[in-house]
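**Q** coords below, sequence missing:
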DNA sequence: TCCTTATAGATGCAGGTGCATCTATAATCG
DNA sequence: CGATTATAGATGCACCTGCATCTATAAGGA
């Protein structure tokens, strides 16, 4: 998944057909997006692991649950908010349930549905993770970008995330 | 791994301690980095899969091998160039070997070492993948960013990849 | 030389992920 | 109402990844 940085010019020379060629600038942006995300995510996950905390996916779920009224959501609602795949979330919830961070309850208005409810332990874990996570974000991004650069980066990335 | 976009302000209110807090701008940049990378990578991998091509990790290895003199590298050289983990690369090479895209040979100058050599099939595959990959990069990034924006984005991401 | 330490690469195991499919319930439409 | 279709969520399987460890070879130091 990594992709080398100085590789883009070479990549562009490889193609047989000339159709749909991305520019050198675009290709370089793509390669660097992959590389930066991999490096920063890896560094942040290392910080979490060093503090004996679960991986980031757990945090996403805990955060979504902790910020809604009642601390409960349907699985498909978590899915929409986090972009986790359905089957994937289902098993993540198994693990979080087993760890005592959430519990599942039947959803009486629709026999197919479930509630996922954050526990007190889950709320405590969300806070513990955030303390480490926040410091990691500051270390691996905040120390390298000023606020103006961060805003600029966020704006450019937002363009990429738009449906086309 | 996803992380919600509109979540950053809430995240910032969660912390108990005030130490090492990232700014809202930095936190938002981080969340959008994760989201954009996930969406674009997912879209590109879908395009490859739709064309019955192997995942991007294979391409990285084929590209590194195809661009060096003699089409051969030591595993640890591929490792450095691609950021693939050692154990991970070892098994990726198993699969690529089995698929006939590379072959391994003993490295006579150091009994511990191996050569990894790209085959003709491997070179052909590299070219086939690039045709699809290039079109996917153009579709998912090039159609959304002009060259100036792409350069700006690449520069900001390069800052993040620097060792601190 | 022998002993210790470092390096290249492979592998067993546990856990994570995608894909397809399954079950159960609900909604729709004749 | 009954038959079809859609939706919520779970699960079996294959593959992939991280981690620790293992083997083999090389290098360095007493």
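**A** All right, it came through fine. Everything numeric in this text was worked out from a predicted model, so none of it was measured.

**Q** which residues in chain A form helices?
**A** Per DSSP state H, chain A has helices spanning A:8-13, A:24-50, A:56-66, A:75-82, A:86-98, A:120-137, A:147-161. These are given in chain order.

**Q** Looking at these, which one is packed in the most?
**A** Comparing these by mean neighbour count (mean count of other CB atoms under 10 Å in any protein chain shown), helix A:56-66 comes out on top with a mean of 22. For glycine as for every other residue, the C-beta is placed from the backbone atoms N, C-alpha and C.

**Q** re the thing from before, can you redo the helices of chain A as a markdown table with distance to chain B and mean pLDDT?
**A** Formatted as a markdown table, the entries for the helices of chain A read as follows, by distance: least, CB to the nearest CB, whole Å; pLDDT from 0 to 100:
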| stretch | distance to chain B | mean pLDDT |
| --- | --- | --- |
| helix A:8-13 | 5 | 58 |
| helix A:24-50 | 4 | 94 |
| helix A:56-66 | 5 | 95 |
| helix A:75-82 | 4 | 93 |
| helix A:86-98 | 10 | 95 |
| helix A:120-137 | 4 | 95 |
| helix A:147-161 | 4 | 97 |
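
**Q** got JSON lines for those, with distance to DNA strand D too?
**A** Conversion of those to JSON lines gives the following (distance: least, CB to the nearest atom of the strand, whole Å):
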{"stretch": "helix A:8-13", "distance to DNA strand D": "20"}
{"stretch": "helix A:24-50", "distance to DNA strand D": "6"}
{"stretch": "helix A:56-66", "distance to DNA strand D": "12"}
{"stretch": "helix A:75-82", "distance to DNA strand D": "3"}
{"stretch": "helix A:86-98", "distance to DNA strand D": "3"}
{"stretch": "helix A:120-137", "distance to DNA strand D": "15"}
{"stretch": "helix A:147-161", "distance to DNA strand D": "22"}
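
**Q** Same list as before, these that is, but in JSON lines and with distance to residue B:94 included.
**A** JSON lines is the format used below for these (distance: least, CB to CB, whole Å):
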{"stretch": "helix A:8-13", "distance to residue B:94": "25"}
{"stretch": "helix A:24-50", "distance to residue B:94": "22"}
{"stretch": "helix A:56-66", "distance to residue B:94": "28"}
{"stretch": "helix A:75-82", "distance to residue B:94": "34"}
{"stretch": "helix A:86-98", "distance to residue B:94": "26"}
{"stretch": "helix A:120-137", "distance to residue B:94": "34"}
{"stretch": "helix A:147-161", "distance to residue B:94": "34"}
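
**Q** looking at those, which is closest to residue B:55?
**A** Between residue B:55 and these, the shortest gap by CB to CB is with helix A:24-50, which sits at 12.9 Å.
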